[in-house]
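Asker: Here's a sequence, model it:
(4 chains)
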There are 2 protein chains.
Amino acid sequence: MNSAGMSEENKPVGSDHSANKPASSVGSAVAASASADTSAPVTVYAPLYQQIKGLITQGLQAGEWRPGEMIPSEMELAKRYGVSQGTVRKAVDDLATEHILIRRQGKGTFVATHHEEKVSFRFLRLVPDEGEPTYPQSQFLACKRMRATPEVADSLALATGDAVILVKRILYLQERPTVLEEIWLPGLQFKGLTAERLAAYKGPMYGLFETEFGTRMIRASEKIRAVAADQACAESLKVTVGTPLLLVERVAFTYGDQAVEWRRGFYRTDHHAYRNELS
Amino acid sequence: MNSAGMSEENKPVGSDHSANKPASSVGSAVAASASADTSAPVTVYAPLYQQIKGLITQGLQAGEWRPGEMIPSEMELAKRYGVSQGTVRKAVDDLATEHILIRRQGKGTFVATHHEEKVSFRFLRLVPDEGEPTYPQSQFLACKRMRATPEVADSLALATGDAVILVKRILYLQERPTVLEEIWLPGLQFKGLTAERLAAYKGPMYGLFETEFGTRMIRASEKIRAVAADQACAESLKVTVGTPLLLVERVAFTYGDQAVEWRRGFYRTDHHAYRNELS
DNA sequence: GAGTGGTCTAGACCACTCC
DNA sequence: GAGTGGTCTAGACCACTCC
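Answerer: Numbering: from 1, shown residues only, chains lettered A, B, ... in the order given. Sure, this is the predicted structure:
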């Protein structure tokens, strides 16, 4: 690591509180995650470790360290950003808690990737009534270029009529058709996505997105309802019309809380259940 | 705090690694949370902060500090357990992440309680399609003493036929009957629970459990399915027979991962959705 | 002003991985 | 043995709360 190559702008601000730092007070202040409170504070304060967290996230976003790769050691990052190892540690701890980085003792700290079974199960919560969770098989029905409807545009922060891609697929679990999904993606970001590429890809779809489109899904928000199977659902999932299904709507986000996927899935729950841990 | 009153057994073990501690190596070793791995390790190692975490949890379990109360400051706990403030801090950080303790800057660290709106919404994930989440109103239909069926006994780690209490209620959200629930509790632990006490209690049921029965729910595991409303559900929830409903089954745990509640709820989702955050 | 948790530093040794 | 993250200590100052 060439710490001499780091510009002053890359260093955090406001770290001159105990007079034991060179304290390069250059660059713009980093905003703290502001709570939606009554009184808007005039001055914005962000702890050093949160600023470091932001700088590391910027590096990830910029592709400086790619999914699966090792990031520099804590000591190197400390040198680079001009802070102590403890401060870097706290920033990395946070990012590891958010599943953005993964620490491996004795090896180093790595950028999280969807090319890992554990991650898939975090984003697909179906567990079988009998036996261990298994990896799903995808059957792709369509991959079309479309125009964003108002609903899709709203979810993806696009304008109505913007280019989007619609993917339709069936997920098989334990040889049974279990999920019928429609997935909307921003057309610009996923230009070139085809049913052939989807079908040819071995591994989870989010793995393909991060490897071939540079978009890594960080978190998602789901809303679950119960609905009756219509004709299309019934045929795809091999159930009778009217069978109760879960309707799972998801918005998925990449770095910087940017929504980059909207999906709607119909789940059979006669041999699986959607599992959720509350705490 | 009278630190002289603490017995040696209350101090952690194995902290003589850097020769700067008095290191009272008395008492039994605390087991690390063992992963269900292939090779069973002969020696068990637990970091100091995890041992402190265990000691604090024991204090909570024993009722030394009750829900809503402040626990001793970090410095006092450090003195009591014979470790540094940093080690106490790491233990408390963990417990705060698990929502067992709550830190309030400038005030102190408090035992979490279900007498807080925020907590209720962590355990009831229904959000309205329009408007802000509202606090539910309970209508209690029954509170009966029963014998545990095999299914209930299995979930609560009881024997079939053991005394259990069955509570039936309807939850109203935004004036609408939205959830029909059956709740099974261990009879011994919840002796004296009646429909009258439930109805008279202002606040969440878990608040009553912790205040009047000394049982605090820490976490829960839910399994969600889609089912059709039967006659009883239809009448209670004012829907037609066959309407798709969420069936949410829950096992709730108190300190030490002890299962102390099993419930089964039927959710209408025509004006609400079950919300879940994935990461 | 006193007391609390929150942040930050510096430095030590431990456990684990890879050679 | 060298390098990594993991734990632990000691001590400083900051932000916040309550008096």
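Asker: near chain B, which residues of the stretch 1-150 of chain A show up?
Answerer: A:97-99, A:122-123, A:125, A:127 (CB under 8 Å from any CB of the partner chain). C-betas here are computed from N, CA, C, even on glycine.
Asker: Closest one to DNA strand D out of these, please.
Answerer: Set against DNA strand D, the nearest of those by CB to the nearest atom of the strand is residue A:97 (11.6 Å).
Asker: The closest one: how many residues sit nearby?
Answerer: 11 (other CB atoms under 10 Å in any protein chain shown).
Asker: cool, and the one 10 residues further on?
Answerer: Taking other CB under 10 Å as the criterion, the count of residues near residue A:107 is 9.
Asker: what do you get for residue A:92?
Answerer: 22.
Asker: what about the host helix or strand of it and DNA strand C, touching?
Answerer: For residue A:92, the host element (DSSP states H and E) is helix A:85-97. Yes: contact of helix A:85-97 with DNA strand C (CB under 7 Å from any atom of the strand) involves A:85-87, A:90.
Asker: quick revisit: most neighbours among the residues of the stretch 1-150 of chain A next to chain B, which one is it?
Answerer: For those, the largest number of neighbours (other CB under 10 Å) sits with residue A:125, at 21 neighbours.
Asker: That one and DNA strand C: what is the separation?
Answerer: 29 Å (CB to the nearest atom of the strand, to the nearest Å).
Asker: follow-up on the earlier one: could you tell me which of the residues of the stretch 1-150 of chain A next to chain B belong to strands?
Answerer: residue A:127 (DSSP state E).
Asker: For the residues of helix A:85-97 next to DNA strand C, name the two members farthest from one another.
Answerer: Spanning the widest gap among the residues of helix A:85-97 next to DNA strand C are A:85 and A:90, at 9.9 Å by CB to CB.
Asker: among the residues of helix A:85-97 next to DNA strand C, which ones are buried?
Answerer: Buried by 16 or more other CB atoms under 10 Å in any protein chain shown: A:87, A:90, out of the residues of helix A:85-97 next to DNA strand C.
Asker: which parts of the stretch 151-279 of chain A sit against DNA strand D?
Answerer: Counting by CB under 7 Å from any atom of the strand, no residue of the stretch 151-279 of chain A is near DNA strand D.
Asker: just the helices in the stretch 151-279 of chain A please.
Answerer: All helices of the stretch 151-279 of chain A, identified by DSSP state H, counting those that start in this stretch, fall at A:195-200, A:205-212, A:231-237.
Asker: tell me the most buried of the ones you listed?
Answerer: Mean neighbours per residue, mean count of other CB atoms under 10 Å in any protein chain shown, is largest over the helices of the stretch 151-279 of chain A for helix A:205-212, with a mean of 20.
Asker: Mean confidence (pLDDT) on that one, please.
Answerer: Averaging pLDDT along helix A:205-212 gives 96.
Asker: what's in contact with it?
Answerer: A:67, A:113-115, A:119-120, A:123, A:138, A:183, A:190, A:197-198, A:201, A:215-217 (CB atoms under 8 Å, 6 or more residues apart in numbering or on different chains).
Asker: Swap in 6 Å and give it another go.
Answerer: A:67, A:114-115, A:201, A:215-217 (CB atoms under 6 Å, 6 or more residues apart in numbering or on different chains).
Asker: ok so, going back, looking at the residues of the stretch 1-150 of chain A next to chain B, which is nearest DNA strand C?
Answerer: residue A:97 (13.2 Å).
Asker: Just the buried positions in stretch A:155-163, please.
Answerer: Residues of stretch A:155-163 classed as buried under the neighbour-count rule (16+ other CB under 10 Å) are A:155-156, A:158, A:162.
Asker: actually stretch A:140-153, not the one I typed
Answerer: Result for stretch A:140-153 [16+ other CB under 10 Å]: buried residues A:140, A:143, A:148, A:152-153.
Asker: swap in stretch A:251-268?
Answerer: Applying 16+ other CB under 10 Å to stretch A:251-268 flags A:251-255, A:259-268 as buried.
Asker: Sort out which of those are in strands and list them.
Answerer: A:251-254, A:259-267.
Asker: possible to save these as TSV with distance to DNA strand C and pLDDT?
Answerer: Below are these laid out as TSV (distance: CB to the nearest atom of the strand, whole Å; pLDDT from 0 to 100):
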residue	distance to DNA strand C	pLDDT
A:251	28	98
A:252	28	98
A:253	23	97
A:254	25	96
A:259	27	97
A:260	29	98
A:261	31	98
A:262	34	98
A:263	35	98
A:264	38	98
A:265	37	98
A:266	42	98
A:267	37	98
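Asker: Closest one to DNA strand D out of the residues you listed, please.
Answerer: Using CB to the nearest atom of the strand, these come closest to DNA strand D at residue A:254, 23.7 Å.
Asker: wait, isn't that closest one in contact with residue A:215?
Answerer: Yes: counting by CB atoms under 6 Å, residue A:215 is a contact partner of residue A:254 at 5.4 Å.
Asker: which neighbours do these two share?
Answerer: What both residue A:254 and residue A:215 touch, as defined by CB under 6 Å, 6+ apart, is the set residue A:260.
Asker: measure the nearest residue in space to residue A:137 that is not next to it in sequence to chain B for me?
Answerer: Spatial nearest neighbour of residue A:137, excluding adjacent residues (CB to CB, 6 or more residues apart in numbering or on different chains): residue A:172 at 4.3 Å. Distance, residue A:172 to chain B, by CB to the nearest CB, to the nearest Å: 19 Å.
Asker: Quick one: neighbours of residue A:172, just the number.
Answerer: 15.
Asker: wait, doesn't it sit right on residue A:140?
Answerer: No: between residue A:172 and residue A:140 there is no contact under CB under 6 Å: 11.9 Å.
Asker: From the rest of the structure, what touches stretch A:231-250?
Answerer: A:170, A:177, A:180, A:220, A:222-229, A:263-269, B:226-228, B:244.
Asker: quick one, domains of chain A?
Answerer: A:3-111, A:117-274 (automatic domain parsing).
Asker: Select from those domains the stretch with the lowest mean pLDDT.
Answerer: Mean pLDDT values for these show the minimum at domain A:3-111, a mean of 72.
Asker: need the contact list for residue A:100.
Answerer: residue A:112.
Asker: What distance do you get for it to residue B:253?
Answerer: From residue A:100 over to residue B:253 the distance is 28 Å, taken as CB to CB, to the nearest Å.
Asker: Residue A:210 too?
Answerer: Counting by CB to CB, the gap from residue A:210 to residue B:253 is 35 Å.
Asker: now do residue A:55
Answerer: In terms of CB to CB, residue A:55 sits 39 Å off from residue B:253.
Asker: what's the answer for residue A:214, then?
Answerer: Taken as CB to CB, the span from residue A:214 to residue B:253 is 41 Å.
Asker: mind listing the strands for chain A?
Answerer: A:70-71, A:101-104, A:108-111, A:126-128, A:137-147, A:163-173, A:176-186, A:219-228, A:244-254, A:258-267, A:272-278.
Asker: Nearest to residue B:132 among those strands would be which one?
Answerer: Smallest distance to residue B:132 across the strands of chain A (CB to CB): 15.5 Å, for strand A:219-228.
Asker: Run through the neighbouring helices and strands of the closest one.
Answerer: For strand A:219-228, the elements it packs on are strand A:244-254, strand B:244-254, strand B:272-278, judged by 3 or more CB pairs under 6 Å, 6 or more residues apart in numbering or on different chains; DSSP states H and E.
Asker: Quickly run through the sheet partners of the last one, with directions.
Answerer: Same thing as strand B:272-278. strand A:219-228 (antiparallel), strand B:126-128 (antiparallel) (DSSP bridges).
Asker: show me what contacts residue A:187?
Answerer: Counted by CB under 6 Å, 6+ apart, residue A:187 has contacts A:163-165.
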